[in-house]
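Peer 1: Take a look and give me a structure for this.
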Amino acid sequence: GRAIKQAETSLGISRSDILVGTKIWSTRESKQSLIAAAEDSLNRLNVDYIDIIYPHWIKIGTDINTVMDAFLDLLDQGKVRSIGLSNPNSADLDHAMALALDHVSVVQAEIHPYLNQQTLVSNITQKHGLKMLGFSPFAAGAVLADPIVLSIADNYNVSSAQIVMAWALQRNGNVPIFTA
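Peer 2: Next comes the predicted model:
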(Lines give C-alpha, C1' and ligand atoms only; values in the text may rest on other atoms or scores of the structure.)
Protein backbone atom coordinates (compact mmCIF):
# COMPACT_ATOMS: atom_id res chain seq x y z
CA GLY A 1 0.00 0.00 0.00
CA ARG A 2 2.88 2.39 0.72
CA ALA A 3 4.17 2.13 -2.86
CA ILE A 4 0.75 3.00 -4.25
CA LYS A 5 0.42 6.03 -1.98
CA GLN A 6 3.99 7.09 -2.80
CA ALA A 7 3.29 6.84 -6.53
CA GLU A 8 0.21 8.97 -6.08
CA THR A 9 1.78 11.66 -3.88
CA SER A 10 5.42 11.81 -5.02
CA LEU A 11 5.02 10.97 -8.69
CA GLY A 12 1.55 12.32 -9.35
CA ILE A 13 0.31 8.99 -10.69
CA SER A 14 -3.43 8.51 -10.39
CA ARG A 15 -4.69 5.37 -8.64
CA SER A 16 -6.71 4.63 -11.78
CA ASP A 17 -3.40 4.28 -13.67
CA ILE A 18 -2.09 1.64 -11.24
CA LEU A 19 -3.18 -1.96 -11.66
CA VAL A 20 -3.51 -3.73 -8.32
CA GLY A 21 -3.96 -7.50 -8.24
CA THR A 22 -4.10 -9.92 -5.35
CA LYS A 23 -4.57 -13.63 -4.79
CA ILE A 24 -6.83 -15.31 -2.26
CA TRP A 25 -6.28 -18.93 -1.31
CA SER A 26 -9.04 -20.84 -3.08
CA THR A 27 -9.03 -23.52 -0.37
CA ARG A 28 -10.92 -21.25 2.02
CA GLU A 29 -14.07 -23.11 2.89
CA SER A 30 -16.78 -20.48 2.75
CA LYS A 31 -17.92 -17.50 0.77
CA GLN A 32 -17.59 -15.39 3.92
CA SER A 33 -13.95 -16.39 4.47
CA LEU A 34 -13.13 -15.55 0.83
CA ILE A 35 -14.76 -12.13 1.17
CA ALA A 36 -13.01 -11.53 4.49
CA ALA A 37 -9.64 -12.39 2.92
CA ALA A 38 -10.29 -9.94 0.08
CA GLU A 39 -11.24 -7.24 2.57
CA ASP A 40 -8.01 -7.96 4.48
CA SER A 41 -6.11 -7.41 1.22
CA LEU A 42 -7.92 -4.12 0.64
CA ASN A 43 -6.92 -2.97 4.13
CA ARG A 44 -3.29 -4.13 3.83
CA LEU A 45 -2.95 -2.49 0.42
CA ASN A 46 -4.73 0.63 1.69
CA VAL A 47 -6.89 0.87 -1.45
CA ASP A 48 -10.62 1.23 -2.05
CA TYR A 49 -10.72 -1.44 -4.75
CA ILE A 50 -8.65 -4.24 -6.27
CA ASP A 51 -8.34 -4.29 -10.04
CA ILE A 52 -7.93 -8.06 -10.40
CA ILE A 53 -8.57 -10.73 -7.79
CA TYR A 54 -7.37 -14.29 -8.31
CA PRO A 55 -8.24 -17.50 -6.52
CA HIS A 56 -4.75 -18.83 -5.83
CA TRP A 57 -4.11 -22.22 -7.35
CA ILE A 58 -7.43 -23.86 -8.15
CA LYS A 59 -6.97 -27.43 -6.97
CA ILE A 60 -8.99 -30.60 -6.79
CA GLY A 61 -11.62 -30.03 -4.13
CA THR A 62 -11.83 -26.29 -4.69
CA ASP A 63 -15.48 -25.29 -4.86
CA ILE A 64 -15.35 -23.02 -7.90
CA ASN A 65 -19.02 -22.13 -7.41
CA THR A 66 -18.26 -20.69 -3.96
CA VAL A 67 -15.14 -18.86 -5.15
CA MET A 68 -16.92 -17.24 -8.12
CA ASP A 69 -19.98 -16.41 -5.98
CA ALA A 70 -17.76 -14.59 -3.46
CA PHE A 71 -15.81 -12.77 -6.17
CA LEU A 72 -19.01 -11.73 -7.98
CA ASP A 73 -20.32 -10.28 -4.69
CA LEU A 74 -17.07 -8.31 -4.34
CA LEU A 75 -17.58 -7.03 -7.89
CA ASP A 76 -21.14 -5.97 -7.08
CA GLN A 77 -19.87 -4.12 -4.00
CA GLY A 78 -17.26 -2.25 -6.08
CA LYS A 79 -14.38 -3.76 -4.11
CA VAL A 80 -13.08 -5.67 -7.15
CA ARG A 81 -13.02 -4.63 -10.83
CA SER A 82 -12.32 -7.99 -12.49
CA ILE A 83 -11.57 -11.64 -11.81
CA GLY A 84 -8.48 -13.55 -12.81
CA LEU A 85 -7.85 -17.26 -12.55
CA SER A 86 -4.63 -18.80 -11.28
CA ASN A 87 -3.41 -22.20 -12.47
CA PRO A 88 -6.71 -23.66 -13.63
CA ASN A 89 -6.95 -26.78 -15.74
CA SER A 90 -9.12 -26.51 -18.85
CA ALA A 91 -12.21 -28.00 -17.17
CA ASP A 92 -11.97 -25.59 -14.21
CA LEU A 93 -11.45 -22.69 -16.61
CA ASP A 94 -14.58 -23.63 -18.58
CA HIS A 95 -16.58 -23.98 -15.35
CA ALA A 96 -15.41 -20.62 -13.98
CA MET A 97 -16.15 -18.93 -17.29
CA ALA A 98 -19.69 -20.33 -17.26
CA LEU A 99 -20.21 -18.78 -13.81
CA ALA A 100 -18.58 -15.38 -14.37
CA LEU A 101 -18.25 -15.02 -18.14
CA ASP A 102 -18.20 -11.24 -18.42
CA HIS A 103 -15.93 -10.69 -15.42
CA VAL A 104 -12.93 -12.97 -15.97
CA SER A 105 -10.21 -11.00 -17.73
CA VAL A 106 -6.95 -12.92 -17.41
CA VAL A 107 -5.57 -16.33 -16.52
CA GLN A 108 -2.23 -16.79 -14.79
CA ALA A 109 -0.33 -20.06 -15.16
CA GLU A 110 3.23 -21.34 -15.25
CA ILE A 111 4.48 -21.33 -18.84
CA HIS A 112 8.02 -22.11 -20.00
CA PRO A 113 9.72 -24.30 -22.62
CA TYR A 114 9.53 -27.31 -20.28
CA LEU A 115 5.83 -26.69 -19.55
CA ASN A 116 4.27 -25.03 -22.59
CA GLN A 117 0.65 -25.93 -21.71
CA GLN A 118 -0.48 -25.49 -25.31
CA THR A 119 -3.98 -26.91 -24.72
CA LEU A 120 -4.61 -24.60 -21.76
CA VAL A 121 -3.17 -21.58 -23.59
CA SER A 122 -5.37 -22.29 -26.63
CA ASN A 123 -8.42 -22.67 -24.40
CA ILE A 124 -7.64 -19.38 -22.69
CA THR A 125 -6.72 -17.26 -25.70
CA GLN A 126 -8.73 -18.75 -28.55
CA LYS A 127 -11.84 -20.31 -27.00
CA HIS A 128 -12.39 -17.68 -24.29
CA GLY A 129 -10.56 -14.67 -25.76
CA LEU A 130 -8.67 -13.98 -22.53
CA LYS A 131 -5.10 -12.86 -21.95
CA MET A 132 -2.63 -15.37 -20.60
CA LEU A 133 -0.30 -14.11 -17.88
CA GLY A 134 2.52 -16.65 -17.99
CA PHE A 135 4.75 -16.79 -14.93
CA SER A 136 8.14 -18.42 -14.43
CA PRO A 137 9.22 -18.46 -18.11
CA PHE A 138 12.77 -19.30 -16.98
CA ALA A 139 11.59 -22.36 -14.98
CA ALA A 140 13.46 -21.19 -11.89
CA GLY A 141 16.54 -20.76 -14.07
CA ALA A 142 16.57 -24.34 -15.37
CA VAL A 143 15.94 -23.50 -19.04
CA LEU A 144 18.71 -20.91 -19.06
CA ALA A 145 21.29 -23.70 -18.83
CA ASP A 146 19.49 -26.08 -21.19
CA PRO A 147 21.89 -27.26 -23.93
CA ILE A 148 19.35 -26.70 -26.70
CA VAL A 149 18.56 -23.18 -25.50
CA LEU A 150 22.28 -22.43 -25.12
CA SER A 151 22.93 -23.73 -28.65
CA ILE A 152 20.19 -21.52 -30.12
CA ALA A 153 21.49 -18.54 -28.14
CA ASP A 154 25.02 -19.17 -29.39
CA ASN A 155 23.73 -19.45 -32.96
CA TYR A 156 22.11 -16.02 -32.71
CA ASN A 157 24.84 -14.49 -30.54
CA VAL A 158 22.41 -13.63 -27.73
CA SER A 159 21.90 -14.85 -24.17
CA SER A 160 19.79 -17.86 -23.25
CA ALA A 161 17.52 -15.48 -21.33
CA GLN A 162 16.88 -13.53 -24.54
CA ILE A 163 15.94 -16.75 -26.36
CA VAL A 164 13.48 -17.74 -23.64
CA MET A 165 12.06 -14.21 -23.50
CA ALA A 166 11.52 -14.26 -27.27
CA TRP A 167 9.85 -17.67 -27.00
CA ALA A 168 7.53 -16.40 -24.26
CA LEU A 169 6.64 -13.20 -26.12
CA GLN A 170 5.80 -15.07 -29.31
CA ARG A 171 3.18 -17.24 -27.62
CA ASN A 172 -0.20 -16.08 -28.89
CA GLY A 173 -2.00 -14.10 -26.18
CA ASN A 174 0.69 -14.64 -23.55
CA VAL A 175 1.94 -11.76 -21.43
CA PRO A 176 4.98 -13.19 -19.63
CA ILE A 177 6.08 -12.24 -16.13
CA PHE A 178 9.87 -12.36 -16.35
CA THR A 179 11.12 -13.83 -13.11
CA ALA A 180 13.33 -16.82 -12.46
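Peer 1: low pLDDT regions in the protein?
Peer 2: 26-28, 59-62, 172-173, 179-180 (pLDDT under 70).
Peer 1: Which residue is the nearest non-sequential neighbour of the most centrally placed residue in it?
Peer 2: Nearest to the mean C-alpha position of the chain, by Cα atoms, centre = their mean, lies residue 108 at 3.1 Å. Using Cβ to Cβ, 6 or more residues apart in numbering and skipping residues adjacent in sequence, the residue nearest residue 108 is residue 133, 4.3 Å away. For glycine as for every other residue, the C-beta is placed from the backbone atoms N, C-alpha and C.
Peer 1: how close does that neighbour sit to residue 113?
Peer 2: 17 Å (Cβ to Cβ, to the nearest Å).
Peer 1: now swap in residue 156 and tell me
Peer 2: 16 Å.
Peer 1: When these two are compared, which one has more neighbours?
Peer 2: residue 113 (17 against 11; other Cβ atoms under 10 Å).
Peer 1: Would you mind confirming that that one makes contact with residue 139?
Peer 2: Yes - at 7.3 Å, residue 113 and residue 139 qualify as touching, with contact defined as Cβ atoms under 8 Å.
Peer 1: hmm, back to that, what kind of secondary structure is the residue nearest to residue 108 in?
Peer 2: Following DSSP: H, G, I helix; E, B strand; the rest coil, the label given to residue 133 is strand.
Peer 1: ok, what's across the strand from it?
Peer 2: Beta-bridge partners for residue 133, by DSSP bridges, are residue 108, residue 175.
Peer 1: can you pull the contacts of it?
Peer 2: Residues in contact with residue 133 (Cβ atoms under 8 Å, 6 or more residues apart in numbering) are 84, 106-109, 174-177.
Peer 1: top of those by neighbour count?
Peer 2: Among the contacts of residue 133, residue 107 has the most neighbours (other Cβ under 10 Å), with 26 neighbours.
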